[in-house]
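Asks: Structure here, sequence nowhere to be found:
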Ligand SMILES: *Cc1c(COP(=O)(O)O)cnc(C)c1O
C-alpha cells in the first residue's frame, strides 16, 4: 500500500460482517477464559489486552496505523505530545544521564527538557542545529544517551538535517529521537533518514480538526540497545519479575518497555474515544497535507511580495536558508505553517491581527481553519521589545497556520488586514 492508502486501510481491518468504521471499545477491562491465560498476559508471554491504562483495541488500531505510516515496528499513543516527549526520554534515561537537543524546538518541550527533567536529574544541552558536526560533537559527554530534534521546528520553521543528526548520534552509540509533528509522515518519514524514534503531538495535523489533545511514540526497531550504554534493556526489570527487554522483545524492546513499564506506572494512555477521533483525522491526513502545503506556498509567495512585510520564513521560498534541506527532506511541501514579520512595532502586529476577518486568532496551529498568533501580544506579551528581539521574535512577528479554505479567500483576508495597518 502507498501512504495515502495506508491512511485509510492500515490499523483496523474488519473481517466478514464486522463494523466498517473503527469501533470504540469503551471498556477499561477484558474478560478471560482461564487464570492460566491471565498469568501469561502478566508474564508478557501471550499477546492481548490487560487493562486500558496499558492498551485498548481502539487505541491499538490507531497505533498500528501510525507505525505503518512512519515505517516503524510499533507505536504507543499518549494523552498529549508532551507525554510522548517525556516518555520517549524517560524510557532510556534516569537521574545522572544527559542528552542533546536542537535549540530550535517547541517552547513546551524546551520547558520540559531545561526545567522539569533537570529536577529529575536528567540534563539537556541545547545545540545550534545548523552548526557543523564537529561543533555538535563537543556537546557529547560520557553519560549522553540520546539526541533530539524537530523535522520542521515550531515556531522557527527551520528544517533539520536529519541525516547529519543521525550520523552524529550513531557515531556516539545513542539513538536519534525526532519530533515529526509539523511534517507528519505524509511529508517526511524520519526513519528513512536514520531516526530511531519518532514522536508526534497528534493534536496538530494528525487530528487536524482541533478536537483532541494527543501524542504518539513510534519505534523504528533499528537501534541496538545491547551496545552497553543501556543496561535497562539488557538487565532484568525488577518491576516485571525479571524480564530482560532486549532479550524477550528484540526489535520491539523500546516500545514494549515504554508501554508495559512506563505507561503502566505513569498512566498517560488515551481513551478509546480519543483514539477514534484521531483515526478520523488520520484517514484524511494525506489529502489535507497536500492542500495545506499548496495553500501555504501561495500565501508565503504573496507575503514575500508585500511591502508591509519585512521577512517571511517558509522553506520552499527561493532564498530561504532551508530551501535545499526542504527539497531533500520535504519534497512534497513544508506544511501549512509560516511565520512572517510586519514592519513596525508591536502595535502594527496588533492592528494586523485585529484587521483579520477570516483567519481566527487562537493559540493553536495545524488546524483545518486558518489561524494566526501574534507572540508579542499573547504568548510572549510579558517581554519588552528588546527582550523579544533577543528571543528571536520581532515585535511584528506573526505565526500563520494556513488552513484548507480557498487560498484566494485567505490571501484577500491577509491583504485587507495589511492595508489597515
Ligand atoms: C504542540 C507541540 C508539542 C506538544 O504537544 P501537545 O499535544 O500540545 O502536548 C510538541 N511538539 C511540537 C512540535 C508541537 O507543535
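Replies: Alright, I've got the coordinates. None of these values were measured; they are calculated from a predicted model.
Asks: can you give me the offset of the host helix or strand of residue 386 from its chain's centre?
Replies: Using DSSP states H and E, residue 386 falls within helix 385-390. A distance of 28 Å separates the centroid of the chain from that of helix 385-390, by C-alpha atoms, centre = their mean, to the nearest Å.
Asks: What's the mean pLDDT across that helix?
Replies: On average, the pLDDT along helix 385-390 is 79.
Asks: who's in contact with it?
Replies: With contact meaning C-beta atoms under 8 Å, 6 or more residues apart in numbering, helix 385-390 is reached by 345-346, 375-376, 380, 394-395. (Each C-beta comes from the backbone N, C-alpha and C, glycine too.)
Asks: Relative to the ligand, which of the residues you listed is nearest.
Replies: Proximity of those to the ligand was ranked by C-beta to the nearest ligand atom; the top entry is residue 375 with 14.2 Å.
Asks: what about the strands in the stretch 51-200 of the chain?
Replies: Secondary structure of the stretch 51-200 of the chain (DSSP state E, counting those that start in this stretch): strands at 74-78, 98-102, 123-127, 144-150, 176-179, 197-201.
Asks: Filter the contacts of helix 385-390 down to the buried ones.
Replies: When neighbours are counted using 16 or more other C-beta atoms under 10 Å, these contain these buried positions: 346, 375-376, 380, 394-395.
Asks: Those residues also near the ligand: which ones?
Replies: Filtering the buried ones among the contacts of helix 385-390 for proximity to the ligand by C-beta under 6 Å from any ligand atom leaves nothing.
Asks: Just the ones of the contacts of helix 385-390 in helices?
Replies: Members of the contacts of helix 385-390 lying in helices (criterion: DSSP state H): residue 346.
Asks: May I ask which of the contacts of helix 385-390 comes out lowest in pLDDT?
Replies: Scoring those by pLDDT puts residue 380 last, at 83.
Asks: Excluding chain neighbours, give the residue nearest to the residue of the stretch 151-300 of the chain found nearest the ligand in space.
Replies: Closest residue of the stretch 151-300 of the chain to the ligand, C-beta to the nearest ligand atom: residue 201 (3.0 Å). The shortest distance from residue 201 to any non-neighbouring residue, by C-beta to C-beta, 6 or more residues apart in numbering, is to residue 81 (2.5 Å).
Asks: Can you give me the neighbour number for the one you found?
Replies: Neighbour count of residue 81, defined by other C-beta atoms under 10 Å: 24.
Asks: i'd like the first residue to be 45 from this point on
Replies: OK, 45 is where the count begins now, so the last one is residue 125.
Asks: tell me the contacts of it?
Replies: 150, 152, 223, 225, 243-248, 257-259.
Asks: Now do the same for it: its pLDDT.
Replies: If you check residue 125, the pLDDT there is 98.
Asks: Near the ligand, which residues of the stretch 295-444 of the chain are found?
Replies: Nowhere does the stretch 295-444 of the chain come near the ligand, counting by C-beta under 6 Å from any ligand atom.
Asks: the helices in the stretch 295-444 of the chain, which residues?
Replies: Ranges of helices within the stretch 295-444 of the chain are 297-301, 308-310, 316-327, 329-349, 367-373, 390-399, 429-434, based on DSSP state H, counting those that start in this stretch.
Asks: I'd like the strands of the stretch 95-244 of the chain as JSON lines, with distance to residue 299, mean pLDDT and mean neighbour count appended.
Replies: Below are those laid out as JSON lines (distance: least, C-beta to C-beta, whole Å; pLDDT from 0 to 100; neighbours: other C-beta atoms under 10 Å):
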{"stretch": "strand 118-122", "distance to residue 299": "4", "mean pLDDT": "98", "mean neighbour count": "27"}
{"stretch": "strand 142-146", "distance to residue 299": "19", "mean pLDDT": "97", "mean neighbour count": "24"}
{"stretch": "strand 167-171", "distance to residue 299": "23", "mean pLDDT": "97", "mean neighbour count": "19"}
{"stretch": "strand 188-194", "distance to residue 299": "15", "mean pLDDT": "98", "mean neighbour count": "24"}
{"stretch": "strand 220-223", "distance to residue 299": "13", "mean pLDDT": "98", "mean neighbour count": "30"}
{"stretch": "strand 241-245", "distance to residue 299": "9", "mean pLDDT": "98", "mean neighbour count": "30"}
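Asks: wait, doesn't residue 117 sit right on residue 296?
Replies: Yes: using C-beta atoms under 8 Å as the test, residue 117 is close enough to residue 296 to be in contact (5.4 Å).
Asks: of these two, who's got more company?
Replies: Counted by other C-beta under 10 Å, residue 117 and residue 296 do not tie: residue 117 has more neighbours, with 19 against 16.
Asks: count of neighbours near the closest residue to that one other than its chain neighbours?
Replies: Take residue 117 and drop its neighbours on the chain: the residue closest to it by C-beta to C-beta, 6+ apart is residue 265, 3.4 Å away. Neighbours of residue 265 under the rule other C-beta under 10 Å: 19.
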